[in-house]
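*Asks:* My questions are about this predicted structure, shown below with the sequence.
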Amino acid sequence: MEATVTLHPLVLKRLLHIVASSSKANRKPFLFFKHRSLCCSSPTSAAPAPPHLKRKFTFVSTSTISVEESVQAIRVRKSLQFYNIQYRRYYSSTEMLVSSQITYYVRLGEIGTARKLFDQTPHKHIASWNSIISGYFQNSQPHEAQCLFDKMPERNVVSWNGLISGYIKNGMVTKAREVFDLMPERNVISWTAMVRGYVEEGMVAEAEALFWHMPEKNVISWTVMLGGLIHEGRINDARRLYDLMPVKDVYTRTTMIGGLCSSGQLDEAREIFDNMEQKNVVSWTAMISGYVQNGRVDVARKLFELMPEKNEVTWTAMLMGYIQCGRTEDAWELFKAMPAKSIVACNSMIKGLGEIGDVSKAREVFDLMREKDDGTWSAMIKIYERKGFELEALSLFRMMISEGVRPHFPSLINILSVCGSLATLDYGRQTHAQLLRYNLDDDVYLSSVLITMYMKCGDVLKANIVFSRSSCKDIVMWNSMITGYAQHGLGDEALKVFGEMLLSGIQADDITFIGVLSACSYSGKVREGKEIFESMKSKYSIEPARAHYACMVDLLGRAGQLNEAFNLINSMPVEADAIVWGSLMGACRNHMNSDLAEVAAKKLLQLEPKNSGPYVLLSNIYASKGKWGDVAKLRKSMKSRKVSKKPGCSWIEVDKEVHMFTGGENTPHPEHMEIAKMWEKLSGMLREAGYNPDGTFALHDVDEEEKAQSLRHHSEKLAVVFGLLKLREGMPIRVMKNLRVCGDCHTAIKLISNLTGREIIVRDANRFHHFKDGLCSCNDYW
């Protein structure tokens, strides 16, 4: 008669192994089953099994299994029959299968299916009870697990241990202790589980007290307690415990090595390592990582070369050691030699290359990665953002979204910074919408970044809405609002927010006063600025730094009080830096004080000989006075010192694409013909409105016609014209410039806003200009 058996694959594999090994050793196999127990369940009565858990075979036919399996199965049957094995029946095949099936469904997260199978089983063995209770704990349903435990007809120590472990896994260590105290019988596993629970919850004192009450301890118990002391930073106590241990295995010694390395005790760690009779790859890696963490990379590399077998973690630890100590070239050579490059290793290499500015090589690593995680995308986007490749960062973010990768917190922070830098408001809004979907918008730090982004994009109203809706405001958020209002020349609003901040109990810091003084400077509030500056030390106990003096020099200089600004510089308790002298020189440019400008320029050239700014500003002053000989001398000096002028560049976002414009005609925009036609049309309207190009902003010693031609190609004008061509009526035209907007362009854009009825927002290197109806928000005070 054909006998059909349904077995768990692990059961079948074990039986075949026993028979095979017994035949080779020529001895009787000892099994806890006899043939009848294997065949006790028929296909109709057996518990339902998922397809991959079923393996059917017959002892007669070989149609459902391979020839090799059939032969071995027959040998199993004959062995059982021949020896007429007497057995102790621990589990039947059905009971073992039910328990395994429950565990299988639990691992899939299908606790409902597992419970259904459990309920349908007529004769429930204790193993099935333990499996389903464990399943509820794994699915974070401790209450249901306890209810089932209470219904168990019989329990063994495994059942009680499972209850303790389940509560510990769910972070309910107090409940686990209650169960522990109720246990009728405990073994070393019970005690160790409870000690481990306390350690994992950071309750090391409780763990230690329980540990010393243990009636018996094994190497695992000792190691768990050892790890707890190390995690709490009690390295000396851990070492004393380690010395008391009667038995130490590889894991114990490795744990102690890691603890000693974390406290810088490398010699003691190396002594344990060298005395280990057996070392595994984890031991080697722990010692190498210890040297790396303590900056001894060369010693780590020597040990790395001696290591008999290296794994992915070891290679990555050595790689990160080189990167952390700034030896990126060594890291790159090691990276190329790695047999397998993990995502962690690649991400570290990308960050390391980004730190030294090797953006192209970082992108090479990025592109070669078959698998990328959010950290990969975030790292590459951050490198682009930090190194001034904002357009590439934006493009990569678009690629990330198109590939279905959900951006996480770091990616969103980086891309918001990019949106702020480029003033790409549409992408900024889109990113903000994603934050709302992920319920991240109430994060304090993120709210500050959002405020800064909207302020840099020129959307003051939206920035204010984000600020107002934030339930918790810290100093960074208040500073973001004050600085944002300052950049837009809204001095009254900035001072109002400053007052509200003080009333709310938030203490002002040095960043706060930079924002407030800048707001006073940009809006001409000289008296208020002086009072706030004087109160910094007397009222708020903050010593003014160079940045605060630079704000005051700028404030006085804009107001035309150049001698007072110069005297303030000379009275500074610390030496003035380039920012301070640059503020004075900019004021001299506005007020045509060439004598003081020369003094400031010479100071700047001493501090920053490669900076083109002083040359350009001084050249502008000479050009405005017609001193073309002096202009030529300056250019000759620049050429001899190999100083190049930073080219003017403006950009505008249209249909989520950033369009760049540079001064002159060297790199024309693809649509430059249409832009030129539009400018010709505007030129006529401007002339009729009284516009006359201001030749003082053309630096060449040429006739007036050529000066006008030069001025028409200023990048901000080209960007504004492109916005008029491409953006629909009613939409504000938002233009960004990398340098200070020139006076001629400022005058022209005011008139264009009036003639076209369009709102034009220009952000230059210093501040915002909101042009509307022929007026500018700066009130021509800039």
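*Replies:* Received the coordinates, thanks. Numbering: from 1, shown residues only.
*Asks:* rest of the way, CA atoms for contacts and neighbours
*Replies:* Noted.
*Asks:* Can you tell me the SS state at Ile761?
*Replies:* Assigned by DSSP: H, G, I helix; E, B strand; the rest coil, the conformation of Ile761 is strand.
*Asks:* and it, what does it touch?
*Replies:* Contact analysis of Ile761 by Cα atoms under 8 Å, 6 or more residues apart in numbering lists Gly458, Pro732, Ile733, Arg734, Val735, Phe768, His769, His770, Phe771.
*Asks:* Tell me which of these fall in strands.
*Replies:* Using DSSP state E, the subset of the contacts of Ile761 located in strands is Ile733, Arg734, Val735, Phe768, His769, His770, Phe771.
*Asks:* what's the closest of these to Ser650?
*Replies:* Ser650 lies nearest to Val735 out of the ones in strands among the contacts of Ile761, by Cα to Cα, at 6.7 Å.
*Asks:* re earlier: which members of the ones in strands among the contacts of Ile761 are the farthest-apart pair?
*Replies:* Across these (Cα to Cα), the longest gap, 12.8 Å, separates Ile733 and Phe768.
*Asks:* one step back: quick check: the farthest pair among the contacts of Ile761?
*Replies:* Going by Cα to Cα, the pair spanning the contacts of Ile761 furthest: Pro732 and Phe768, at 13.7 Å.
*Asks:* Tell me which residue is most central in the chain.
*Replies:* Among the residues of the chain, the one closest to the centroid is Pro410, at 3.3 Å (Cα atoms, centre = their mean).
*Asks:* so what's that one up against?
*Replies:* By Cα under 8 Å, 6+ apart, the contact list for Pro410 reads Ser378.
*Asks:* going forward, begin numbering at 59 instead of 1
*Replies:* From this message on, residue numbering opens at 59, which makes the last subject Pro468.
*Asks:* what helix or strand is it on?
*Replies:* Pro468 belongs to helix 467-480 when assigned by DSSP states H and E.
*Asks:* Now that helix: buried residues?
*Replies:* Within helix 467-480, the residues scored as buried using 16 or more other Cα atoms under 10 Å are 468-480.
*Asks:* Need those in a markdown table (columns: pLDDT).
*Replies:* Below are the buried residues of helix 467-480 laid out as a markdown table (pLDDT from 0 to 100):
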| residue | pLDDT |
| --- | --- |
| Pro468 | 81 |
| Ser469 | 83 |
| Leu470 | 85 |
| Ile471 | 86 |
| Asn472 | 86 |
| Ile473 | 88 |
| Leu474 | 90 |
| Ser475 | 89 |
| Val476 | 89 |
| Cys477 | 90 |
| Gly478 | 89 |
| Ser479 | 85 |
| Leu480 | 83 |
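*Asks:* Quickly name whichever of the residues you listed is closest to Ala658.
*Replies:* Nearest to Ala658 among these: Ser479, at 29.7 Å, using Cα to Cα.
*Asks:* What distance do you get for Glu729 to Val779?
*Replies:* Plainly put, Glu729 is 11 Å away from Val779 if you go by Cα to Cα, to the nearest Å.
*Asks:* Distance from the chain centre to whatever helix or strand Ala681 lives in, please.
*Replies:* Using DSSP H and E, the element containing Ala681 is helix 671-682. Averaging C-alpha positions (Cα atoms, centre = their mean, to the nearest Å) puts helix 671-682 43 Å from its chain's average.
*Asks:* Stretch 554-570 now?
*Replies:* Distance, centroid of stretch 554-570 to centroid of chain: 30 Å (Cα atoms, centre = their mean).
*Asks:* pLDDT of it, averaged?
*Replies:* For stretch 554-570, mean pLDDT is 95.
*Asks:* now swap in stretch 626-642 and tell me
*Replies:* Average pLDDT, stretch 626-642: 92.
*Asks:* Only alpha carbons, please: show it as CSV.
*Replies:* The C-alpha coordinates for stretch 626-642 follow below in CSV (Å, rounded to 0.1, in the frame of the first residue of the first chain):
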residue,chain,number,x,y,z
LEU,A,626,34.8,103.1,14.3
ILE,A,627,37.2,100.7,12.4
ASN,A,628,40.2,102.3,14.0
SER,A,629,38.6,101.9,17.5
MET,A,630,37.8,98.3,17.1
PRO,A,631,39.2,96.1,19.9
VAL,A,632,40.2,93.5,17.3
GLU,A,633,41.8,93.9,13.9
ALA,A,634,39.3,94.6,11.1
ASP,A,635,38.9,91.9,8.5
ALA,A,636,38.1,92.0,4.8
ILE,A,637,34.4,92.2,5.4
VAL,A,638,34.7,95.3,7.5
TRP,A,639,37.0,97.1,5.0
GLY,A,640,34.8,95.9,2.2
SER,A,641,31.7,97.5,3.8
LEU,A,642,33.6,100.8,4.0
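*Asks:* Following element in sequence after the helix or strand where Ser192 lies, please.
*Replies:* Assessed by DSSP H and E, Ser192 sits inside helix 184-196. Downstream of helix 184-196, the next assigned helix or strand under DSSP H and E is helix 200-209.
*Asks:* low pLDDT regions in the stretch 459-608 of the chain?
*Replies:* Along the stretch 459-608 of the chain, segments meeting pLDDT under 70 span 499.
*Asks:* Find the residue ranges of the chain scoring beneath the pLDDT cut-off.
*Replies:* The chain contains residues with pLDDT under 70 at 59-154, 499, 721-725, 752-770, 840.
*Asks:* rerun at 50
*Replies:* 59-150, 757-766 (pLDDT under 50).
*Asks:* Buried residues, the helix or strand where Thr489 lies. List them.
*Replies:* Assigned by DSSP H and E, Thr489 belongs to helix 483-495. Going by neighbour count (16+ other Cα under 10 Å), the buried part of helix 483-495 is Leu483, Asp484, Tyr485, Gly486, Arg487, Thr489, His490, Gln492, Leu493.
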